[in-house]
Every structure is written in C-alpha cells, then in structure tokens.
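*Asks:* build me a model:
(one chain, ligands or ions: 1)
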Amino acid sequence: MSARGHAFGIDIGGSGVKGAAVDLATGELVHERIKIATPHPSTPKAVAEAAAEVVAKAAWDGPVGLTLPSVVLDGVVRTAANIDKGWIGTDARALFAATLGGREVTVLNDADAAGLAEDHYGAAKDFAGLVLLLTFGTGIGSALIFHGTLVPNSELGHLEIGGMEAEHRAAASIKDRDDLTYKQWAAEVSAVLSGLENLFWPKVIVAGGGISRDADQWIPLLTNRTPVIPAHLRNTAGIVGAAMAIEAGIAP
Ligand code: BGC
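*Replies:* This next block holds a predicted model:
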C-alpha cells in the first residue's frame with residue numbers, strides 16, 4: 001500500500017520499533033501502529049530487520065522515514081547515548097535502504113522528528129517563533145524549530161547545566177532511578193529549562209516523552225520563565241515526524 005497524501009514513518013526506541021502510514025493532511029495515523037519489540041542487543045542489523053518486518057506487516061511499498069535516538073548526519077549515525085554502541089559510524093541510510101528492499105529512506109534524530117510533528121500538527125502549531133521541544137525519557141532529546149524549519153541534531157540533553165549534563169539530572173529515568181517525587185524532579189527540570197531558555201529564548205517549550213502524560217502533576221510546579229505545554233501527539237509524534245521528513249525530503 002502507498003497512497004497519495006500518505007507517508008510512512010518508523011520510530012525506533014529502546015523498547016519498540018513502531019511504524020505506521022500517516023495522513024499528512026491531518027497528522028493522523030492511517031491504521032493502528034505496528035509495534036515490534038526492539039531486539040536485544042539492538043545492533044544495526046537486528047534493528048533494520050525489525051524495521052523491515054514493520055514495513056512488511058503494513059504492506060507498505062513506498063519510501064520510509066525512520067528515527068534513531070542518535071545524531072544523524074548525511075544518513076550516518078554519529079552518537080549512541082542510549083542504544084547499542086555498534087550504531088556509531090553506521091551508514092543507517094544505506095543499511096535501511098538495503099534492508100527495506102532498496103527503497104528510498106531518510107533517517108533523523110527521534111526528538112527532531114517529534115519536534116517537527118508537534119510544531120506542525122500538535123502542541124506548538126499555533127505558536128509563531130522559536131519552539132523548543134524536549135522529550136523526557138531514558139535521556140532528554142531536543143528539537144529546535146523556527147517557523148517550521150528544523151535545526152537538526154541539537155542534542156541539548158547533553159548540555160552541562162549547573163555542572164551536570166542536563167539528561168543526567170532531569171531525564172524521566174532519573175526520577176525513577178532516584179525515586180524522586182514530582183516536586184523534587186520538577187526542581188531539576190526547572191534548573192535545566194532555565195539554563196536552556198537563557199541561551200535560546202524560545203517562545204514556548206513543548207514537553208514530550210511518556211512522562212508528559214502526567215503533565216498536570218509536574219508542569220504547574222516548574223519555576224522557569226518560558227511557558228511549558230505538554231506534547232499532544234504523545235506516542236505517535238516520532239512516527240508522524242519521520243513520515244513528514246521523508247515527504248519533505250529532510251535528510252539531516
Ligand atoms: C540522545 C539524543 C536523543 C535523546 C532521546 C539522548 O541521549 O543523545 O540523540 O534524541 O536521548 O532519545
């Protein structure tokens with residue numbers, strides 16, 4: 001299947017390889033998300049085969065956009081903070097293209113994809129100006145978008161704030177690891193957001209990742225200056241952004 005106005009996105013994360021065709025007029029999935037558990041170890045070959053399985057299950061025969069939790073430059077993976085280190089140096093674009101039967105693919109950072117989707121269809125769609133999206137999960141992913149244009153591979157989760165990498169103090173995984181209350185964790189998030197907003201001055205910060213589902217428990221506790229709003233697309237943002245990227249020819 002491959003239809004006019006539809007594009008296919010695959011979001012690769014630590015627990016699942018998730019994909020679907022997306023209706024680009026609405027940003028909605030055309031069918032239920034197909035999810036395969038991320039293979040362990042999450043080597044490039046094993047993950048590419050999982051992506052091929054997702055595409056086969058959907059019987060999709062067009063181009064495919066894919067995300068990875070990595071810096072991706074010219075299709076080549078440059079970092080692997082929270083996935084198998086074997087990805088570093090891998091030409092992911094060539095690997096996915098070959099494993100997906102020689103079709104056209106594009107590969108981009110997972111948070112960049114989520115940012116594109118939230119900016120265009122989701123929480124930030126009515127904001128003109130600089131949008132900063134942060135995903136709070138195992139690490140902290142970031143996307144900077146200005147009037148629809150993505151500045152790719154921003155990696156702000158690794159910025160040192162108060163002597164520590166941002167994601168080492170305020171990722172959602174730190175809340176779990178240290179058994180923090182929302183109040184305690186929100187203080188860490190506030191420190192990170194204050195550091196970021198003093199450098200980038202976004203109009204709005206979109207908070208994504210699984211913990212954004214409980215946004216009412218922690219967003220009101222934040223003390224930084226810029227308005228923070230929860231992501232709307234939740235667990236489909238990566239898929240939708242990957243589909244947007246292949247359609248728009250975004251190849252960081
Ligand atoms: C990685 C980013 C990624 C983020 C969220 C960070 O540790 O460096 O590339 O976007 O985690 O998965």
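
*Asks:* name the residues of this protein found near the ligand, please.
*Replies:* Residues of the chain lying close to the ligand (CB under 6 Å from any ligand atom) are 69-71, 79, 81-82, 109-111, 135, 137, 139, 141, 155, 157, 167. Every residue, glycine included, has its C-beta placed from N, CA and C.

*Asks:* okay, and which of the residues you listed map to strands?
*Replies:* 109, 135, 141 (DSSP state E).

*Asks:* for the protein, which spans come out with low pLDDT?
*Replies:* Along the chain, the model assigns pLDDT under 70 to residues 1-2.

*Asks:* hang on, the earlier thing: of the residues of the chain next to the ligand, which is the nearest to Ile10?
*Replies:* Minimum distance to Ile10 across the residues of the chain next to the ligand is 10.7 Å, recorded for Asp110 (CB to CB).

*Asks:* hang on, that closest one packs against Ile10?
*Replies:* No: using CB atoms under 8 Å, Asp110 makes no contact with Ile10, being 10.7 Å away.

*Asks:* so the two - more neighbours on which side?
*Replies:* Ile10 (33 against 27; other CB atoms under 10 Å).

*Asks:* excluding chain neighbours, what is closest to the more buried one?
*Replies:* Closest residue in space to Ile10, ignoring its immediate chain neighbours: Gly19 at 3.8 Å, by CB to CB, 6 or more residues apart in numbering.

*Asks:* buried residues, whichever strand or helix holds that neighbour. List them.
*Replies:* Here Gly19, judged by DSSP states H and E, is contained in strand 16-23. Within strand 16-23, the residues scored as buried using 16 or more other CB atoms under 10 Å are 16-22.

*Asks:* could you do stretch 21-36 as well?
*Replies:* 21-22, 24, 27, 29-30, 34-36.

*Asks:* from the chain's centre, how far out does that stretch sit?
*Replies:* Put simply, stretch 21-36 sits 16 Å off its chain's centre (CA atoms, centre = their mean, to the nearest Å).

*Asks:* got the contact list for the nearest residue to Glu28 once chain neighbours are set aside?
*Replies:* Nearest residue to Glu28, sequence neighbours excluded (CB to CB, 6+ apart): Val22, at 7.1 Å. Each residue near Val22 by CB atoms under 8 Å, 6 or more residues apart in numbering is listed here: 6-9, 28-30, 239-240, 243-244.

*Asks:* kindly report the same for Ala237.
*Replies:* 113-114, 117-118, 122, 208, 231.

*Asks:* now swap in Asp84 and tell me
*Replies:* 41-44.

*Asks:* now do Ile88
*Replies:* 77-80.

*Asks:* next: Ile12.
*Replies:* Contacts of Ile12 by CB under 8 Å, 6+ apart are 38, 47, 51, 66-69, 110.

*Asks:* what's the burial count for Thr163?
*Replies:* No Thr there; residue 163 is Gly. Residues near Gly163, counting by other CB under 10 Å: 6.

*Asks:* how close does it sit to Tyr121?
*Replies:* Distance, Gly163 to Tyr121, using CB to CB, to the nearest Å: 38 Å.

*Asks:* gap between stretch 114-128 and the chain center?
*Replies:* With CA atoms, centre = their mean, you get 13 Å for stretch 114-128.

*Asks:* and if you look at stretch 147-164?
*Replies:* 13 Å.

*Asks:* same question, stretch 85-102
*Replies:* 18 Å.

*Asks:* so which elements touch the lengthiest helix in the chain?
*Replies:* The helix spanning the most residues in the chain, taking DSSP state H as the definition, is helix 182-200. The contact analysis (3 or more CB pairs under 8 Å, 6 or more residues apart in numbering; DSSP states H and E) places helix 182-200 against strand 130-136, strand 160-161, helix 166-170, helix 172-177, strand 204-208, helix 215-218.
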